[in-house]
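Asks: got a sequence here, can you model it:
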Amino acid sequence: MSGDLWDITPQRDSSRSSELSTEQVYSNSLCGTRRPFALLLVSLIMPPRWLLISLVCSAAASQCPTDYAQHPVILVSTDGFRADYLNRDLTPTLKKLAETGIHAPYLQPSYPTQTFPNHYTIVTGLYPESHGIISNKFYDPEFHATFSIGTEESKKGRWWGGDPIWNTITRQGKISATFFWPGSDVPIDDQYPTYWVEFDESIPFEYRVDKVLEWVSLPEEERPVWISLYFQEPDHTAHMTGPDSSLVNKKLQYVDQMLQRLVDGLEERELLSCVNLIILADHGMASSVDLPDYVINLKDYIPDIYDAAYTFTGAFSRIDPKNKSEEVEQDMMSKLACKREELRVYQREDLPTRLHFSNNRRIEDIVLDLDPGYVATVSSSFSNLGNHGYDYYNHEMDALFIALGPDFLHNMEIEPFHNIELYNLMCHLTGVNPSPNNGTLGSLYHILAHPPEYPQLPEEEKPTTSGFPEGDLGPLLGMSGCEGDLEFPEDWLASLNFSFEQQQELEAIHVPWGIPHSGHLPANLTLLHHPDHVTAYSEALRMPLWTSFSVESGRPGTPLKQWCSDVRLHTDTTQTCASYGVLEPLNITMHPLFAPKYSKDASLGRLPYLVSNAVPVSLSLAKHWEQLMDLLVPAWLEALGPLNLLVGPVFDNNADSFPDNFLDFSSPEVPSDLFAVITRCTEPVSSLTVCPHAKLDANSFIFPQKQLVTNCMDAEKYTHEFSAKVHDIELVTGLTLYPDTGAHNRTSLILRSHSDMWLVPSPPLL
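Replies: Got it, this is the predicted structure:
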């Protein structure tokens, strides 16, 4: 920049042009992953001067000024502060704040784990695919333009979707302030924060802190209810030297010193008990220092890649073929797939659903998923020794989260959570109504000192039951036209005939937390009861929408049988085997949704092969599904005790994470995926029916019907890759699970994300 830093004209929201005459504006760009930054030299941190931070946790400890009825939120981002940096004993201020307030072992970032996408997710509650900032650099095919941080193009509001919290606050008549935040210096919907500062990395951190202290000291009518403060360290230094370097350690000390400066300043103003302080990071950092082959040159596998495609490389790499034919795309992917064990390659629509990174025109056709520390390039060199952008399941990407203040509980360790949940929290703390977002209302109520009531599920009428028919069964035995259809009734059919009381008993065992709600899905559900499972059969789809069953121990299972008609259905609601035959040229066949392996009575081998238990499945999906059901689930059952499995089809062919329109379906409609929600009790129980709801835990999975290429993953890796939160399954199916567990327990259970799977067998399964 030119001129004296301190003489630059203020940038203000024009609606408040007379309110702050000393605001300074600085220009530059924010935290590029490979841009050189001016290093700020710091002295060794002095021992912090603690003025009883624990006062924050007691309403009686100090009185706020009379004009401080509203407790401002101060949101501090220390870029790239990996969660486990806190364990290096270099940050006593942060350590004390974590012990005093709310602390999560880590905050789970969104994918990709990059600076701009995640900072903007934090303030909008939207996944990057939803708000549009899908990377630090990307191309928009409709704009015919490239977004790159620090450029004039990136300062145009057209790139930035969603409703950042400063706009939410302004529209509702309140005041906001940002000392740097991605998007805050952009006219999003022609609005800025009330007070804002354009990014300049050279501005000393001390000045940034002092400006925040100045803002919280303003008169009530000028004071922001929400303030952001951004430090580009330790991210910048970790990129250059790696996260384990002594220089990074010094930056950790410096950041901690700045937070002590903020705490001291608040206390000197007698405001420490009057503000809600949230300290977090956007992502973590992975080291490439000890990986001699960490640079994967794409030209080694696709020699003509310069001419054939546009590329965005690094830790988060994408390829946009110039020729858009599927043959060209598959050829490129085949040249990369299974060539390096550290690399997986996906079509964007085939990425794991949990990443929520398919439904945006800006996402390139091919996305590379790399192990931590590895990068892809098309050049001969790559200099960064620290990198991020990887799958958030990798713990190197774990981010810092600490919160304390008068509206938070204190001395509380909470479960990790996803950063999409922060927007709703901050809206609650500032007293504004949130705009639509990907977070879940109530997800963080448990950390509040005075939480509102949890949102309640709407009442929903239970589906009807299709009971065993009375009278002559003859006309019903062959209505599906299957090879296994009976000529005459057989004794095993009686196992489908239950009294009302027996049906209730089966539901209590196999659907112990309430019949899942199906909302407005036009599925026309009816319940089908079996000795080993309960099915919600969709008469509209003519296939099961879900099947649920509980198992306490290993079972004998039943052998393969031929498919046969289900006498509880009707000719206008049953699927036919002839209809499935049409799918055979596509290598799609009938597959039992309730796995025969979990039948407890070998004499009832026909039950899993009723046509009402059939779903269309590809050979590829069948292989992975059987690995889950035949290998992993038995291992979990043996190690963890009783399990409940809820399984069913997913219809999300446009990869937007929501169910497709059932009214547009053919018959039989081929699902895009199969899902499984596997629930256990975290304390020893003989039956899940006696497990306290607060002790439930779930691992969930969404297995795709097809993949353009195989990535040569073993069963354990594949299952982990395509795992998901329960809430991801709720979104993509339209179902609401665990309706009878209570609002808090249900919310915690559906939002829990398992970066690490439950115990897996050793050696690895193939």
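Asks: so what's the residue nearest to His510 when sequence neighbours are not counted bridging to?
Replies: The shortest distance from His510 to any non-neighbouring residue, by CB to CB, 6 or more residues apart in numbering, is to Val534 (4.6 Å). Where C-beta positions appear, they are placed from N, C-alpha and C, glycine not excepted. With beta bridges defined as DSSP bridges, Val534 has these partners: His529, Ser548.
Asks: contacts only, for Val534.
Replies: Contacts of Val534 were listed using CB atoms under 8 Å, 6 or more residues apart in numbering, and they are Leu506, Glu507, His510, Val511, Leu527, Leu528, Thr547, Ser548, Phe549.
Asks: ok, so of these, who is nearest Thr747?
Replies: Nearest to Thr747, judged by CB to CB, of the contacts of Val534 is Val511 at 19.8 Å.
Asks: grab the nearest non-local neighbour of that closest one.
Replies: Residue nearest to Val511 in three dimensions, not counting chain neighbours: Ser548, with 4.8 Å by CB to CB, 6+ apart.
Asks: what of Trp159?
Replies: Counting by CB to CB, 6+ apart, Phe147 is the residue found nearest to Trp159 once chain neighbours are left out, at 5.3 Å.
Asks: for that neighbour, helix, strand, or coil?
Replies: Three-state call for Phe147 (DSSP: H, G, I helix; E, B strand; the rest coil): strand.
Asks: still on that earlier bit, can you tell me how far the residue nearest to His510 is from Ser700?
Replies: According to CB to CB, to the nearest Å, Val534 and Ser700 sit 19 Å apart.
Asks: over to Val567?
Replies: To Ser700, Val567 is 33 Å away according to CB to CB.
Asks: go on, Glu142?
Replies: 35 Å.
Asks: same question for Ala743.
Replies: On the measure of CB to CB, Ala743 and Ser700 end up 20 Å apart.
Asks: next one: Phe498
Replies: 29 Å.
Asks: who has more neighbours, the two?
Replies: Per other CB atoms under 10 Å, whichever of Phe498 and Ser700 has more neighbours is Ser700, with 25 against 17.
Asks: what are the pairing partners of whichever helix or strand the more buried one is part of, and which direction each?
Replies: Using DSSP states H and E, Ser700 sits within strand 696-704. Partner strands for strand 696-704, per DSSP bridges, with pairing direction: strand 673-681 (antiparallel), strand 723-724 (antiparallel).
Asks: Trp196 is nearest to which of those strands?
Replies: Judging the strands paired with strand 696-704 by CB to CB, what sits closest to Trp196 is strand 723-724, at 37.2 Å.
Asks: just to revisit the earlier point, what's downstream of the strand holding Ser700, the next helix or strand?
Replies: helix 715-721.
Asks: for that following helix, packing partners?
Replies: helix 619-627 (3 or more CB pairs under 8 Å, 6 or more residues apart in numbering; DSSP states H and E).
Asks: what does the helix it packs on contact?
Replies: 587, 589, 591, 617, 673-674, 703-707, 710, 715, 718-719, 722, 765.
Asks: what comes up buried for it?
Replies: Under the neighbour-count criterion of 16 or more other CB atoms under 10 Å, helix 619-627 has Leu621, Ala622, His624, Trp625, Gln627 buried.
Asks: report the angle between that helix and strand 673-681.
Replies: Inter-element angle recorded for helix 619-627 and strand 673-681: 10 degrees (by axes from the mean of the first three to the mean of the last three CA atoms, to 10 degrees).
Asks: report the distance from helix 619-627 to the chain centre.
Replies: On the basis of CA atoms, centre = their mean, to the nearest Å, helix 619-627 is displaced by 25 Å from the centre of the chain it belongs to.
Asks: CA atoms only for the helix or strand just after it - export them in CSV, please.
Replies: Going down the chain from helix 619-627, the next helix or strand is helix 633-640, by DSSP H and E. Provided in CSV are the C-alpha atoms of helix 633-640 (Å, rounded to 0.1, in the frame of the first residue of the first chain):
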residue,chain,number,x,y,z
VAL,A,633,-21.3,-55.1,12.0
PRO,A,634,-20.6,-58.5,13.5
ALA,A,635,-17.3,-57.2,14.9
TRP,A,636,-19.0,-54.2,16.5
LEU,A,637,-21.7,-56.5,17.8
GLU,A,638,-19.1,-58.7,19.5
ALA,A,639,-17.1,-55.7,20.9
LEU,A,640,-19.8,-53.2,21.8
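Asks: what residues of helix 633-640 count as buried?
Replies: Within helix 633-640, the residues that count as buried by 16+ other CB under 10 Å are Val633, Pro634, Ala635, Trp636, Leu637, Leu640.
Asks: who touches that helix?
Replies: With contacts defined as CB under 8 Å, 6+ apart, helix 633-640 is touched by Val551, Ser553, Gly554, Leu643, Leu645, Ile678, Arg680, Asn699, Trp758, Leu759, Val760, Pro761.
Asks: highest neighbour count among these?
Replies: Most surrounded of the contacts of helix 633-640: other CB under 10 Å gives Asn699, at 24 neighbours.
Asks: that residue and Thr124, how far apart?
Replies: 29 Å.
Asks: and what of His591?
Replies: Distance, His591 to Thr124, by CB to CB: 40 Å.
Asks: which one of these two is surrounded by more residues?
Replies: Between His591 and Thr124, counting by other CB under 10 Å, Thr124 is the more crowded of the two (31 against 19).
Asks: tell me the secondary structure for the closest residue to that one other than its chain neighbours?
Replies: In this structure, Thr124 finds its nearest non-sequential neighbour in Gly162, 3.7 Å apart by CB to CB, 6+ apart. Under three-state DSSP, the three-state class of Gly162 is coil.
Asks: got the confidence number for the residue nearest to His510?
Replies: At Val534, the model reports a pLDDT of 99.
Asks: can I get the buried residues of helix 633-640 in a markdown table including distance to Trp492 and pLDDT?
Replies: What follows is these, written out as a markdown table (distance: CB to CB, whole Å; pLDDT from 0 to 100):
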| residue | distance to Trp492 | pLDDT |
| --- | --- | --- |
| Val633 | 25 | 96 |
| Pro634 | 26 | 94 |
| Ala635 | 31 | 94 |
| Trp636 | 30 | 96 |
| Leu637 | 26 | 95 |
| Leu640 | 32 | 95 |
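Asks: quick check, nearest of those to Gly405?
Replies: For these, the nearest to Gly405 is Leu640 (38.4 Å; CB to CB).
Asks: roughly how far apart are that closest one and His428?
Replies: For Leu640, the distance to His428 (CB to CB) stands at 36 Å.
Asks: quick one on the thing from earlier: what subset of the contacts of helix 619-627 is buried?
Replies: Here, 16+ other CB under 10 Å leaves 591, 617, 673-674, 703-705, 707, 715, 718-719, 722, 765 buried among the contacts of helix 619-627.
Asks: neighbours around Lys339, how many?
Replies: 14.
Asks: so which bits of stretch 419-436 are buried?
Replies: Of the residues in stretch 419-436, those buried (16+ other CB under 10 Å) are 419-430, 432, 434-435.
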